[in-house]
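# Show me the folded form of this:
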Amino acid sequence: MRRITRAVAVLAVAVAALTTTGVGGAGAADGSWAGCPSGAVCVYPQNQDPASSPSDVYWSYGAHNLSGQYGNHWVLNNQTGGAHAHLCRGSGGGDCVYDIPAGKGVYYDLGPINSITLDRP
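Sure thing, here's the model as predicted:
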């Protein structure tokens, strides 16, 4: 029960930070969003809200294998032109289980996730 309460509290703080930093809305004048540059997909450190700096930034289309990512992380898709990002259980972009549309973010357990794909619209 204590674990669930802590998870809900962490999520509430993160949602408040996202609302404050404009996640889901317009970014800075340069197109960055919560420290994630325009055109990129960003992964933030475990249990950190997007007010921190991203630990990984992905720019190119295709699959990107993850290494050493466990627990809950914010993943923000700040790609332009309607490009999607997918969280995948398999390496090399196999067995994708979660779709993140452009301009959206998700707080997700990356333990079972082995790759992220950046996909053209």
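# Phi, psi for residue 38 please.
Backbone torsions for residue 38, taken as degrees, to the nearest 10, come to phi -60, psi 130.
# same question, the one 4 residues further on
Torsion angles at residue 42 (phi, psi; degrees, to the nearest 10) stand at phi -120, psi 140.
# so who does it touch?
34-36, 50, 54, 56-58, 75-76, 78 (CB atoms under 8 Å, 6 or more residues apart in numbering). To be clear about C-beta, it is placed using only N, CA and C from the backbone, and glycine gets the same treatment.
# Residue 71 now?
Contacts for residue 71 (CB under 8 Å, 6+ apart) come out as 46-47, 109-111.
# Any chance of TSV for the contacts of residue 42, columns distance to residue 87?
Shown next, in TSV, are the contacts of residue 42 (distance: CB to CB, whole Å):
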residue	distance to residue 87
34	18
35	20
36	16
50	16
54	15
56	13
57	16
58	12
75	7
76	12
78	16
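# Just give me the closest of the contacts of residue 71 to residue 62.
residue 110 (18.5 Å; CB to CB).
# and residue 101, how far is that from residue 84?
Between residue 101 and residue 84 the computed distance is 6 Å (CB to CB, to the nearest Å).
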